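J.: give the three-dimensional model of this entry:
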Amino acid sequence: MNRVIAGLYAVTPEGAGEEGLLQRSEQALTGGARILQYRDKSENHALRSRIATALAGLCRTYQALFIVNDDIDLASVSGAHGVHLGRDDATLVHARAALGPRAVIGASCYNDLDRAEEAVRAGADYLAFGSFYASAVKPSAVRASLDLLREARRRFDLPLVAIGGITPQNAPALVEAGADALAVVTALFEAADTRSVAQSFARLFGQRASAVSSA
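T.: Model (predicted):
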């Protein structure tokens, strides 16, 4: 399994029906998503476990990374490759102790480079910044700038993930500023054709790889 954090990083919407969520997730994966994160903070533990286990299976089929948002125990029992942690979640140190050295552990850094420095010291595998654009998922989220992303690219060797209101139209600026991966919710899971939109995002990274190889 390739544990490089790069390309389209699909993040599931909360409150979606099980069947539709699985279908859309598979469409995102067939369209080129390289990472899939399951995000659901509901109290229906049986449903969350069933969906997470099914998504883990899909990711194995399509050779993509499967990440669980917030829940270390769910990540462990579902067979996820790792967990993504925010400001109010468990610590990176606790997650590493629970999931082991091979687990992929990401940290939300919002618009805070000092928090990113702390995450690096604590052993994060990737750093997520945003919201870069207005987001219907988290409308009150702090905003991050392209200049902050460029500074993070200059300062950190870890993969950088951009999140927040990202569409195929505004994504190129983030890739150019140094984002290794784009975390996308609405533009994927509310699209009329999720697979086609995923392909649009995936092409951005193919284009960057081609530009680098020809430089």
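J.: run through who's touching the longest strand belonging to the chain.
T.: Ranked by number of residues, the top strand in the chain under DSSP state E is strand 104-110. Strand 104-110 is contacted by residues 3, 5, 65, 67, 81-87, 92, 95-96, 99, 115-116, 119, 122-130, 141-142, 144, 152, 161 when judged by Cβ atoms under 8 Å, 6 or more residues apart in numbering. The C-beta positions use only the backbone N, C-alpha and C, and glycine is treated the same way.
J.: hmm, 6 Å instead?
T.: 3, 81-86, 92, 95, 115-116, 119, 124-129, 142 (Cβ atoms under 6 Å, 6 or more residues apart in numbering).
J.: distance check, the closest residue to S196 other than its chain neighbours against R39.
T.: Nearest in space to S196, with sequence neighbours left out and distances taken as Cβ to Cβ, 6 or more residues apart in numbering, is G31 at 6.8 Å. The gap separating G31 from R39 is 19 Å, by Cβ to Cβ, to the nearest Å.
J.: looking at the two, which is more packed in?
T.: The neighbour comparison of G31 against R39 (other Cβ atoms under 10 Å) goes to G31, with 21 against 16.
J.: pull the contacting residues for the nearest residue to S78 once chain neighbours are set aside.
T.: Spatial nearest neighbour of S78, excluding adjacent residues (Cβ to Cβ, 6+ apart): A52 at 3.7 Å. Residues in contact with A52 (Cβ under 6 Å, 6+ apart) are 38, 74, 78.
J.: which SSE is immediately downstream of the strand or helix carrying A52?
T.: Assessed by DSSP states H and E, A52 sits inside helix 45-61. Counting by DSSP H and E, the element after helix 45-61 in chain order, helix or strand, is strand 65-69.
J.: elements contacting whichever helix or strand comes after that next one?
T.: Counting by DSSP H and E, the element after strand 65-69 in chain order, helix or strand, is helix 72-78. Where contact means 3 or more Cβ pairs under 6 Å, 6 or more residues apart in numbering; DSSP states H and E, helix 72-78 is packed against helix 45-61.
J.: show the average pLDDT along the helix it packs on.
T.: The average pLDDT for helix 45-61 rounds to 97.
J.: do stretch 96-104 as well
T.: Per-region confidence: stretch 96-104 scores 97 on mean pLDDT.
J.: what do you get for stretch 76-91?
T.: Average pLDDT, stretch 76-91: 95.
J.: any weak-confidence spans in this structure?
T.: 1-3, 207-215 (pLDDT under 70).
J.: which stretches of it form strands?
T.: 7-11, 35-38, 65-69, 82-85, 104-110, 126-129, 160-163, 181-184.
J.: could the ones you listed go into JSON lines alongside mean neighbour count?
T.: Converted to JSON lines, the strands of the chain look like this (neighbours: other Cβ atoms under 10 Å):
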{"stretch": "strand 7-11", "mean neighbour count": "27"}
{"stretch": "strand 35-38", "mean neighbour count": "27"}
{"stretch": "strand 65-69", "mean neighbour count": "24"}
{"stretch": "strand 82-85", "mean neighbour count": "26"}
{"stretch": "strand 104-110", "mean neighbour count": "25"}
{"stretch": "strand 126-129", "mean neighbour count": "26"}
{"stretch": "strand 160-163", "mean neighbour count": "26"}
{"stretch": "strand 181-184", "mean neighbour count": "27"}
